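>>> Let me see the structure of the following:
(one chain, ligands or ions: 2)
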Amino acid sequence: MTSTVFIDGAAGTTGLEIAERLAGRSEFELIVLDDARRKLPEARKEALHAADFAVLCLHDDAAREAVEMAEGSKVRIVDASTAHRVTPGWTYGFPEIVGREAVATAGRVANPGCYPTGFIALIAPLVRAGLVPADWPYTVNAVSGYSGGGKALIERFEDDGDIAFRGYGLAMGHKHVPEMQKLAGLSVPPLFAPAVIPAHRGMVVEVPLPLGAMPGAAAPDALRAELAAYYAGSPIVTVREDVPDELLLRRSMEPWDGIALYVFGAGDDSQARLVAVLDNLGKGASGAAVQSLNLMAGLPETAGLRL
Ligand SMILES: NC(=O)C1=CN([C@@H]2O[C@H](COP(=O)(O)OP(=O)(O)OC[C@H]3O[C@@H](n4cnc5c(N)ncnc54)[C@H](OP(=O)(O)O)[C@@H]3O)[C@@H](O)[C@H]2O)C=CC1
Ligand SMILES: CC(=O)N[C@@H](CCC(=O)OP(=O)(O)O)C(=O)O
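Ligands and ions are numbered 1, 2, ... in the order given. Okay, the predicted model is just below:
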């Protein structure tokens, strides 16, 4: 059976990558609005009411508007924006964390943020297993390729070829913190230090752990073993056993919908560095949206993904 899909915001960075992952698949037929109509409220509303699925690849206000427009229709929504990630009634679209069945049966799915995908993948299973405390003030140090900021940041980095590093979120209160706290099951918000580097895509999310000072925290080998058991059999999440000399992001990175998790530990078990490497536009956005869409349509979760 073919399902119809409307990508609202199809001309944007995330929307284009979702369309690429759906291209040539007989299970989905895209509803496309031409350039003159793609922002017209009446055209969007008509498309939302005609579609089986809609993927919102919009800024938060336009995403909220789309959800309102969809009222009274049968459409099932995956929202890539931040608008509904901690909203009651919405399912957080991270099947490995909330369960595949929850996503498969949902009518409203909030696609995770790119940085939270790395943080939650690392921390949520460990908190649940009681191997690290839920009441610890975690720190999240992360770098992202500039496509993470959409068309505006892409243009800025490509116009100004001289930016080597952009630290931001310096006033704290980044929009990703609430979902990190909620999905990881933490009693205090993590301290988040994001930055952008002059590569188009790719990200590294690191959570440094002073294990010796953390009440009840397990040793690095036990943390790695727990993550490996938690994600065993996942075609998307890989827990790496190796300790490379260095972790590199390359400007030439191809689209990739997987995520690699590492636990690096000090010999005396006093410290660990949890690291997630992913593609902000892959498992961090478009790949995750297509994974959820697959599950919602009753299809294999990796169909169309770049793994
Ligand atoms: N980029 C990434 O790595 C990630 C992005 N996201 C989220 O996904 C969403 C989309 O981001 P991204 O693709 O990067 O952003 P872009 O800016 O690249 O794309 C947004 C698109 O929405 C279009 N648009 C703006 N207003 C309207 C409207 N009223 N109706 C219809 N279309 C509209 C824009 O049009 P125009 O082309 O004319 O500007 C643009 O094509 C955001 O909420 C973002 O935070 C989430 C995770 C990662
Ligand atoms: C590099 C960069 O600017 N990244 C964006 C987040 C990208 C993203 O995940 O957007 P959503 O929160 O809508 O999911 C930022 O920090 O605002």
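
>>> Does residue 37 touch residue 45 like I think?
No: distance between residue 37 and residue 45: 11.4 Å, which falls outside the contact criterion (C-beta atoms under 8 Å). (C-beta placed from N, C-alpha, C; glycine too.)

>>> Which of these two has more residues huddled nearby?
Counting neighbours by other C-beta atoms under 10 Å for residue 37 and for residue 45 shows that residue 45 has the greater number, 17 against 13.

>>> Would you mind confirming that residue 183 is in contact with residue 96?
No: counting by C-beta under 8 Å, no contact exists between residue 183 and residue 96, whose distance comes to 11.1 Å.

>>> pretty sure residue 292 is in a strand, no?
No: looking at residue 292 with DSSP: H, G, I helix; E, B strand; the rest coil, it is helix, so not inside a strand.

>>> for the stretch 201-307 of the chain, what spans make up the helices?
Using DSSP state H, counting those that start in this stretch, the helices found in the stretch 201-307 of the chain span residues 220-230, 287-296.

>>> go on, the stretch 51-200 of the chain?
Chain-ordered helices for the stretch 51-200 of the chain, with DSSP H, counting those that start in this stretch as the definition, fall at 60-69, 95-98, 100-104, 114-128, 150-159, 177-184.

>>> Adding mean pLDDT, write those helices out as a markdown table.
Output for the helices of the stretch 51-200 of the chain, formatted as a markdown table (pLDDT from 0 to 100):
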| stretch | mean pLDDT |
| --- | --- |
| helix 60-69 | 98 |
| helix 95-98 | 98 |
| helix 100-104 | 98 |
| helix 114-128 | 98 |
| helix 150-159 | 98 |
| helix 177-184 | 98 |
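
>>> Could you identify which of those is most buried?
Between those, the one whose residues have the most neighbours on average, counting mean count of other C-beta atoms under 10 Å, is helix 114-128 (a mean of 26).

>>> farthest residue from the center of the chain?
residue 268 (33.3 Å; C-alpha atoms, centre = their mean).

>>> who's in contact with residue 250?
For residue 250, the contacting residues are 199, 202, by C-beta atoms under 8 Å, 6 or more residues apart in numbering.

>>> quick one: it from ligand 2, how far?
Distance check for residue 250 against ligand 2: by C-beta to the nearest ligand atom, to the nearest Å, it reads 17 Å.
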